[in-house]
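[1] need a structure here:
(one chain, ligands or ions: 1)
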Amino acid sequence: MNTKEIMNLDSKYVMQTYGRQPLALVKGKGSTVWDAEGKSYVDCVAGIAVNNVGHSNPKVAEAICEQAKNLIHTSNLYYTEQQVTLAKLLAEISSHQKSFFCNSGAEANEGAIKLARKHTGKGEIITMENSFHGRTITTITATGQKKYQKGFEPLTPGFKYVPYCDVEAVSDTIGSETAAVLVEPIQGEGGVIIPQNDYLKNLKEVCHDKDVLLIFDEVQTGFGRTGEMFASQSFGVTPDITTVAKAIAGGFPMGAVLANEVGDTFEPGDHAATFGGSPLACAAAKASINFILEEKLLEKSKENGSYFLNKLNIIKENNEIVKDVRGMGLMIGMELDVECAKLVDDMRERGIIINCAAGNVLRFVPPLVITKNQINLVSSALEDALGKFS
Ligand SMILES: *Cc1c(COP(=O)(O)O)cnc(C)c1O
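    Below is the predicted model:
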């Protein structure tokens, strides 16, 4: 099918919940994707920070194929070797001993909220303004942005919001009914907002002093995105609970709640997911995590991240409409003083796919396997496009 035919079927048969680009993708390899017309693009979106190990990673594809021939799904009524060995691997790479497996970021956050409420016997959760935690009723409630909530009320009771990067506001808001503070170590959808270095450390201290759980939503920052396996490691802060999803299984849908002793609060029957931790998803996740470790993608994320950041900073010097460039590893934002939708279209025509967060922030979250050559291509295309813009 060509792009036009695919777009026509979409408008007729798919609920129109997405503002899609006029682009139908058929193939991906590393940091390159191809559309239905055969045109190739350098991918700076990576399925929104999902394809960290590259598109159709051969190791992940092989693990999925081999596992699919043996056992795709079984109920969590039974044990599988794939699930326990993935849980052990997650314990080795994180600061958490135990995992609960689910299928998405929103579901992971739902699980973390349930765990925090059960563990503390309290109901209140404090989250940040401008945050993003998912699209279920409870996770849009946790999300501190009205635009995601409007029209879907009534929301879940028990949530309070404070400004991001304001430890004092958290301290002032914590009360006798507060169970947990839920925070993204770097705000992704909110526009790639990186907190100052001591914010998360101080937040941890306040939570510890007031006996409140600290939950990191690492759905977007996890698995090498910021240059360490988790952003908590980049900032040197260990939360009580971490939620992960997006890149965990190399593009295969999976989420997880990670915790230490807090996790022991869950008893049989407390929480479940039919598909959670299926042998297929676990095989994909193990292959993906092992690829990150074996191919030293954490170093690549740091090295290519600072190379990219440098290039973008040079572009900033020469373009007034660029207000700020910021990043950690390969999670980079370029803030403009205009909406960036037109620039996204222009870049697409130049063979680069990129996405816009918070309306005016170009978000660069490419596969961690992106090459310097591809970064050069993106930078020079961006320079030309911005030149045309201003
Ligand atoms: C994407 C994202 C989510 C939601 O994940 P889904 O898999 O779409 O449910 C939650 N939190 C953060 C920080 C995210 O970036």
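[2] C-alpha only now, for contacts and for neighbours.
    Noted.
[3] any idea which element Leu89 lies in?
    For Leu89, the enclosing helix or strand under DSSP states H and E is helix 81-93.
[4] could I get that helix in PDB with only the CA atoms?
    What follows is helix 81-93, C-alpha atoms only, in PDB (Å, rounded to 0.1, in the frame of the first residue of the first chain):
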ATOM      1  CA  GLU A  81      12.300 -19.100  33.400                       C
ATOM      2  CA  GLN A  82      12.100 -16.000  31.100                       C
ATOM      3  CA  GLN A  83      10.400 -13.900  33.800                       C
ATOM      4  CA  VAL A  84      12.600 -14.900  36.700                       C
ATOM      5  CA  THR A  85      15.800 -14.400  34.800                       C
ATOM      6  CA  LEU A  86      14.700 -11.000  33.500                       C
ATOM      7  CA  ALA A  87      13.800 -10.000  37.100                       C
ATOM      8  CA  LYS A  88      17.300 -11.100  38.200                       C
ATOM      9  CA  LEU A  89      18.900  -9.100  35.400                       C
ATOM     10  CA  LEU A  90      16.800  -6.000  36.400                       C
ATOM     11  CA  ALA A  91      18.000  -6.400  40.000                       C
ATOM     12  CA  GLU A  92      21.600  -6.500  38.800                       C
ATOM     13  CA  ILE A  93      21.300  -3.300  36.700                       C
END
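[5] Could you measure from the most centrally placed residue in the chain over to the ligand?
    Among the residues of the chain, the one closest to the centroid is Gln220, at 1.5 Å (C-alpha atoms, centre = their mean). Remark: distance between Gln220 and the ligand (C-alpha to the nearest ligand atom, to the nearest Å) = 4 Å.
[6] quick one, what contacts that residue?
    The neighbourhood of Gln220, defined by C-alpha atoms under 8 Å, 6 or more residues apart in numbering, consists of Ile48, Ala49, Val50, Gly188, Val244, Ala245, Lys246, Ala247.
[7] What's the separation between the first one and the ligand?
    Right, Ile48. According to C-alpha to the nearest ligand atom, Ile48 and the ligand sit 7 Å apart.
[8] try the fourth one
    Taking C-alpha to the nearest ligand atom as the criterion, Gly188 is separated from the ligand by 6 Å.
[9] Kindly provide the distance from the residue nearest to that residue when sequence neighbours are not counted to Asp337.
    In space, and not counting its chain neighbours, Gly188 is closest to Gln220: 6.8 Å by C-alpha to C-alpha, 6 or more residues apart in numbering. Taking C-alpha to C-alpha, to the nearest Å as the measure, Gln220 falls 25 Å from Asp337.
[10] Which elements pack onto the helix or strand that the helix holding Leu89 is followed by?
    Toward the C-terminal end, the helix or strand that comes next after helix 81-93 (DSSP H and E) is strand 98-102. Judged by 3 or more C-alpha pairs under 8 Å, 6 or more residues apart in numbering; DSSP states H and E, the packing partners of strand 98-102 are helix 81-93, strand 255-259.
[11] Can I take it that Met128 is in a strand?
    Yes. Under DSSP: H, G, I helix; E, B strand; the rest coil, Met128 falls within a strand.
[12] Domain-wise, how is the protein divided?
    Here the domain assignment for the chain is 3-57+296-389, 58-294, based on automatic domain parsing.
[13] how about those in JSON lines, adding mean pLDDT?
    Listed next are those as JSON lines, based on pLDDT from 0 to 100:
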{"stretch": "domain 3-57+296-389", "mean pLDDT": "97"}
{"stretch": "domain 58-294", "mean pLDDT": "98"}
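[14] Of the ones you listed, flag the one that's most buried.
    The highest average neighbour count among the domains of the chain, using mean count of other C-alpha atoms under 10 Å, belongs to domain 58-294 at a mean of 20.
[15] Centre of the chain to that one, how far?
    For domain 58-294, the distance from its own C-alpha centre to the chain's C-alpha centre is 10 Å (C-alpha atoms, centre = their mean, to the nearest Å).
[16] Show the end-to-end separation of that domain, please.
    14 Å.
[17] when you give positions from now on, start the count at 511
    Yep, numbering from 511; the last one is domain 568-804 now.
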